[in-house]
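1. sequence and predicted model, in that order:
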Amino acid sequence: MTSVQHCRKPVLLLALLSCTLFLVGGVNGLYPGFYSSSCPNAESIVQETLKTFLASDPTLNGPLTRVTYHDCFVRGCDASILLNSVDGNTAEKDAVGPNKNSLRGYEVYDGIKAALEDACPGVVSCADIIQLVARDIIVQDGGPYWDVPTGRRDGRVSIASEALANLVGPNSDYDTQKNSFADHGLGEKDLVVLTGAHTIGRARCVTIQNRLYNFSGSGQTDPSLDPTYAEQLKSQCPVGSSNSVPLDGTQFNFDSQYYQNVMVNKGLFHSDAAFLTQPYPKQIVEAESDQYNFFVDFPGAMVRMSSIGVLLGDNGEIRKNCAFVN
């Protein structure tokens, strides 16, 4: 059960961050502090190693946060996204479309895992590292803190076709997104709240080419996109461009700007604009545009997603190297 305690809405956001306390109990057999005895410095090792990588390349904040979704929606939160392809099998990370040439930063997990193996060999799972990294990035970028339930074990299987079947894309309509989340035990509010992670990071121009230049095969721009914003994007993303653009204009700040953009038809993806096509998700977007609400709701949604299909006990393994099974 997960409970969230917070104080009354403060005048200043800083006050919110100082008075918000997330008390997370066991979720699907997971609980905060799982490594308190077996590897007491595990979370600090993750945090400090991550800081070193982000200092070298701050733009890893978005891709590393997205890994949580890309992992959990395929076989559950078992770090299958980190496994390399081998002869006879193409792994999830090499699935053309959702992952290959999109996700990056795998070297961060390798570096963190190596540091943890030096301190506590065979103890901390790659699946838990993924979740801790996402939390620490969000906090570093000014977002809310929460206690991450840990105790996941790592899977031994990773299949590219399963990523293609389970991950929704930037051109998805609302029902497609809603149904995908429902299939994984998450609700409509979880969908809209978790998509708020689009407040950090960048997107490749290829992901919006059709929206800008050939929406639904029309040869035109998506009419739901603000015209001024569309022209701005076209200047940054000419046809065939390999450039990238910020997801919401505040790529290093975890804030509610994403929702404010969506409300005025400046969501980058068609999947973002789709939230305005039905009353309930539109209502959620409006609520989450208040940063207080977003910061209260986001941790719980992350905890729920991070409990999907977890391996516990003797199931799975604790990988020595996140890219390979033992």
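-> Now that the structure is in, tell me what you want to look at. Numbers count the residues shown, from 1 in each chain.
2. give me the nearest residue to Gly97, chain neighbours excluded.
-> Leu164 (6.4 Å; C-beta to C-beta, 6 or more residues apart in numbering). In this view, the C-beta of every residue, glycine as well, is placed from N, C-alpha and C.
3. so which residues make contact with the one helix or strand that neighbour maps to?
-> Taking DSSP states H and E as the definition, one finds Leu164 inside helix 160-166. Residues outside helix 160-166 that contact it (C-beta atoms under 8 Å, 6 or more residues apart in numbering): 70, 73-75, 81, 85, 90-92, 94-99, 180, 184.
4. try stretch 54-62
-> 53, 104-105, 108, 137, 140-141, 200-202, 247, 251-252.
5. neighbour count for those residues - can I get that in JSON lines?
-> Shown next, in JSON lines, are these (neighbours: other C-beta atoms under 10 Å):
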{"residue": "Phe53", "neighbour count": "18"}
{"residue": "Arg104", "neighbour count": "17"}
{"residue": "Gly105", "neighbour count": "20"}
{"residue": "Val108", "neighbour count": "25"}
{"residue": "Ile137", "neighbour count": "25"}
{"residue": "Gln140", "neighbour count": "16"}
{"residue": "Asp141", "neighbour count": "21"}
{"residue": "Ile200", "neighbour count": "29"}
{"residue": "Gly201", "neighbour count": "22"}
{"residue": "Arg202", "neighbour count": "17"}
{"residue": "Leu247", "neighbour count": "22"}
{"residue": "Gln251", "neighbour count": "21"}
{"residue": "Phe252", "neighbour count": "16"}
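6. next step: those residues restricted to helices.
-> The helices, defined by DSSP state H, take in Phe53, Val108, Ile137, Gln140 from these.
7. list the contacts for the second one?
-> Going back to what we said before, that points to Val108. Thr49, Leu50, Phe53, Leu60, Leu64, Val133.
8. look at the fourth one and say how many residues are nearby.
-> So that's Leu60. Neighbourhood size, Leu60 [other C-beta atoms under 10 Å]: 19.
9. give me the pLDDT for it.
-> Looking at Leu60, its pLDDT reads 97.
10. for the second one, same thing?
-> According to the prediction, Leu50 has pLDDT 99.
11. correct me if wrong: it contacts Val133.
-> Yes - using C-beta atoms under 8 Å, Leu50 and Val133 qualify as a contacting pair, with a distance of 5.7 Å.
12. which residue is the nearest non-sequential neighbour of the residue nearest to the spatial centre of the chain?
-> Compute the mean C-alpha point of the chain, and by C-alpha atoms, centre = their mean the closest residue is Arg66, 3.0 Å away. Nearest residue to Arg66, sequence neighbours excluded (C-beta to C-beta, 6+ apart): Leu103, at 6.6 Å.
13. okay, the one you found: pLDDT?
-> Model confidence at Leu103 (pLDDT) stands at 95.
14. swap in Gly29?
-> 88.
15. rewinding a little: now restrict the contacts of helix 160-166 to buried residues only.
-> 70, 73-75, 81, 85, 90-92, 94-95, 98-99, 180, 184 (16 or more other C-beta atoms under 10 Å).
16. so which of these sit within helices?
-> Per DSSP H, the subset of the buried ones among the contacts of helix 160-166 in helices is His70, Ser180.
17. the ones in helices among the contacts of stretch 54-62 into JSON lines, with extra columns for distance to Cys237 and pLDDT?
-> Output for those, formatted as JSON lines (distance: C-beta to C-beta, whole Å; pLDDT from 0 to 100):
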{"residue": "Phe53", "distance to Cys237": "28", "pLDDT": "98"}
{"residue": "Val108", "distance to Cys237": "27", "pLDDT": "99"}
{"residue": "Ile137", "distance to Cys237": "25", "pLDDT": "99"}
{"residue": "Gln140", "distance to Cys237": "28", "pLDDT": "98"}
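18. tell me which residues touch Cys126, please.
-> When contacts are taken as C-beta under 8 Å, 6+ apart, Cys126 is in contact with Ala79, Leu82, Tyr109, Lys113, Asp154, Arg319, Cys322.
19. over to His70?
-> Ile81, Glu92, Pro98, Asn99, Leu103, Ala163, Leu167.
20. export the residues you listed as a markdown table, with columns for distance to Gly33.
-> Converted to a markdown table, these look like this (distance: C-beta to C-beta, whole Å):
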| residue | distance to Gly33 |
| --- | --- |
| Ile81 | 25 |
| Glu92 | 29 |
| Pro98 | 33 |
| Asn99 | 32 |
| Leu103 | 29 |
| Ala163 | 31 |
| Leu167 | 31 |
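21. between the residues you listed, which is nearest Ser306?
-> Ile81 (13.2 Å; C-beta to C-beta).
22. residues in contact with the residue nearest to the centre of the chain?
-> Leu103, Ala197, Gly201.
23. which strand or helix spans it?
-> helix 61-72.
24. name the residues of that helix that come out as buried.
-> Result for helix 61-72 [16+ other C-beta under 10 Å]: buried residues Asn61, Gly62, Pro63, Leu64, Thr65, Arg66, Val67, Thr68, Tyr69, His70, Asp71, Cys72.
25. local confidence estimate at the third one?
-> What it means is Pro63. Looking at Pro63, the pLDDT reads 97.
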